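Student: My questions concern the predicted model and sequence given below.
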Amino acid sequence: MKREKGLLIVLSGPSGVGKGTVCGALRKHDTHIKYSVSATTRKPREGEAEGVNYFFKSHEEFQRMIRENELLEYAQYVDNFYGTPRNYVEEMIASGRDVILEIEVQGALQVKETFPEGVFIFLMPPSLKELRSRIEGRGTETKDLIDNRMTVARDEIDLMDKYDYVVENDEVEAAVERIKSIVTAENCKKERLIHLYKELVEE
Ligand SMILES: Nc1nc2c(ncn2[C@@H]2O[C@H](COP(=O)(O)OP(=O)(O)O)[C@@H](O)[C@H]2O)c(=O)[nH]1
Ligand SMILES: Nc1ncnc2c1ncn2[C@@H]1O[C@H](COP(=O)(O)OP(=O)(O)O)[C@@H](O)[C@H]1O
């Protein structure tokens with residue numbers, strides 16, 4: 001039997017809010033959700049692996065992916081490019097699996113244009129002060145880059161009302177539970193609509 005299409009879930013929010021941490025924690029829960037691995041021109045950080053955290057690309061390779069329409073969306077973020085490989089996401093959704101993209105705000109808004117039926121979740125920091133301290137605490141950026149990311153973060157937070165849901169990342173597990181509830185509710189909604197539609201067609 002052909003399965004219904006899966007949900008496209010977009011988890012976005014400012015850098016350092018905890019998207020990676022929350023997604024990592026969500027993966028440890030036994031959900032059916034699939035995770036899209038992005039392509040980037042950023043250099044790998046210590047402990048990051050090719051095909052696990054990202055597909056690491058040269059600028060030339062990334063430009064080729066853009067030209068050949070291999071990316072569902074892409075964005076330049078601070079000094080690098082990031083993008084979602086199209087095939088994996090489209091195949092998963094077509095085969096009825098739910099897929100989550102963990103991406104920054106410009107890319108999330110591009111996905112909204114092409115996939116308005118997606119579920120758009122904005123992860124919020126408890127405060128800007130806490131956001132800065134999380135970025136500093138991670139210790140991966142120099143002071144200039146942190147200032148840069150904080151400026152970008154303020155603009156991103158302004159776009160929060162374009163999302164379907166806003167989830168506060170105060171505690172990681174609390175944020176994970178909120179996201180799981182959203183996915184469950186959206187799946188229930190989809191199933192009810194399909195059921196109703198079938199009843200209408202059969203009438
Ligand atoms: N548009 C877009 N943004 C992405 C993608 N992958 C990662 N990002 C975002 O790019 C930003 C920078 O990522 P990264 O350099 O890994 O830093 P970190 O997320 O702050 O640890 C983050 O906001 C990511 O969510 C993608 O495929 N597309
Ligand atoms: N709920 C939380 N409470 C405290 N610290 C957090 C929380 N979520 C994430 N962090 C920390 O904040 C920093 C940034 O998290 P990260 O997942 O890298 O953010 P993003 O992927 O959004 O850039 C990391 O050091 C992480 O351990």
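Tutor: Looks like it arrived, so ask away. Numbering: from 1, shown residues only. Ligands and ions are numbered 1, 2, ... in the order given.
Student: rest of the way, CA atoms for contacts and neighbours
Tutor: Noted.
Student: any idea which helix or strand comes after the helix or strand of the chain with the lowest mean pLDDT?
Tutor: Within the chain, no helix or strand scores below helix 143-157, which has a mean of 88 by mean pLDDT, DSSP states H and E. Per DSSP states H and E, the first helix or strand lying C-terminal to helix 143-157 is strand 165-168.
Student: Which residues does that following strand contact?
Tutor: For strand 165-168, contacts defined as Cα atoms under 8 Å, 6 or more residues apart in numbering pick out 120-126, 160, 175, 178-179.
Student: do the same with stretch 15-30
Tutor: Contact partners of stretch 15-30, identified using Cα under 8 Å, 6+ apart, comprise 11-13, 102, 104, 123-125, 131-132, 134-135, 149, 153, 169, 172-173, 175-176.
Student: Would you mind measuring from residue 95 to ligand 2?
Tutor: 28 Å (Cα to the nearest ligand atom, to the nearest Å).
Student: Give me the neighbour count for that residue.
Tutor: Neighbourhood size, residue 95 [other Cα atoms under 10 Å]: 13.
Student: repeat for residue 29
Tutor: By other Cα under 10 Å, the residues close to residue 29 number 12.
Student: next one: residue 188
Tutor: Per other Cα under 10 Å, the neighbour tally for residue 188 reads 12.
Student: biggest separation within the contacts of strand 165-168, which pair?
Tutor: Using Cα to Cα, the contacts of strand 165-168 reach their maximum pairwise distance at 120 and 126, which is 19.1 Å.
Student: more neighbours, the two?
Tutor: Shown here are residue 120 and residue 126; by other Cα under 10 Å, residue 120 has more neighbours (23 against 13).
Student: coming back round to it: adding secondary structure, write the contacts of strand 165-168 out as JSON lines.
Tutor: Converted to JSON lines, those look like this (DSSP: H, G, I helix; E, B strand; the rest coil):
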{"residue": "120", "secondary structure": "strand"}
{"residue": "121", "secondary structure": "strand"}
{"residue": "122", "secondary structure": "strand"}
{"residue": "123", "secondary structure": "strand"}
{"residue": "124", "secondary structure": "strand"}
{"residue": "125", "secondary structure": "coil"}
{"residue": "126", "secondary structure": "coil"}
{"residue": "160", "secondary structure": "helix"}
{"residue": "175", "secondary structure": "helix"}
{"residue": "178", "secondary structure": "helix"}
{"residue": "179", "secondary structure": "helix"}
